[in-house]
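Asker: Need the 3D shape of this:
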Amino acid sequence: MEIYQILIILGMLFLIIEIFLTGFFAGSVAIGFFASAIGAYLGLSTNWQILIFSVGTLVAFFTIRPVVNKYGYKTSKHVKTNMESLPGRKAKVVEAISTEEETGRVAIDGDVWKARTEDGSDIPVNTTVEVVRTESIVLIVKPLK
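Answerer: Just a heads-up that it's a prediction; the model follows:
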């Protein structure tokens with residue numbers, strides 16, 4: 001097996017590694033191996049092959065990598081989940097909200113949360129309320145008109 005064939009195999013191996021990693025570093029090294037394989041095929045000395053490998057890797061890393069990171073690894077818009085998705089949602093009071101007795105629970109999507117009112121008023125059971133904000137694990141609600 002010739003040296004250029006070994007370098008091509010190494011380049012393909014690093015492309016496979018790149019599939020499992022992010023950041024395009026292994027892809028840059030693969031391009032360096034392919035460039036070095038061309039040098040080996042042309043019969044250049046080992047020193048030239050090492051130089052071509054280094055230059056090919058650096059050029060790929062500093063030119064192709066930024067493009068791949070910008071367009072290849074796009075992140076989706078922030079999706080609100082868990083507690084940060086609750087403000088603005090409607091809930092049903094399942095335990096009367098009383099500021100004096102410090103009681104009150106509301107249900108949203110089958111989950112029951114401790115609740116307080118925004119203005120300190122009391123809200124009876126089965127009233128529909130809107131979540132204004134969260135304070136730790138307590139929902140601050142207001143009755144819907």
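Asker: helices or strands up against the lowest-mean-pLDDT helix or strand in the chain?
Answerer: Between all helices and strands in the chain, the lowest mean by mean pLDDT, DSSP states H and E belongs to helix 65-72, at a mean of 79. Using 3 or more Cβ pairs under 8 Å, 6 or more residues apart in numbering; DSSP states H and E as the contact criterion, the neighbours of helix 65-72 among helices and strands are helix 25-41. In short, each C-beta sits where N, CA and C put it, glycine included.
Asker: tilt between the helix it packs on and helix 65-72?
Answerer: Calculated by axes from the mean of the first three to the mean of the last three Cα atoms, to 10 degrees, helix 25-41 forms an angle of 130 degrees with helix 65-72.
Asker: before we move on, back to that, and the least confident helix or strand of the chain, C-alpha only, in PDB?
Answerer: Written as PDB, here are the backbone C-alpha positions of helix 65-72 (Å, rounded to 0.1, in the frame of the first residue of the first chain):
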ATOM      1  CA  ARG A  65     -14.600  26.200   9.400                       C
ATOM      2  CA  PRO A  66     -16.200  29.600  10.000                       C
ATOM      3  CA  VAL A  67     -18.500  29.100   7.000                       C
ATOM      4  CA  VAL A  68     -19.500  25.600   8.300                       C
ATOM      5  CA  ASN A  69     -20.100  26.900  11.800                       C
ATOM      6  CA  LYS A  70     -22.200  29.800  10.600                       C
ATOM      7  CA  TYR A  71     -24.400  27.900   8.200                       C
ATOM      8  CA  GLY A  72     -24.000  24.200   9.200                       C
END
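Asker: how near is Gly11 to Phe33?
Answerer: Distance of Gly11 to Phe33, given as Cβ to Cβ, to the nearest Å: 4 Å.
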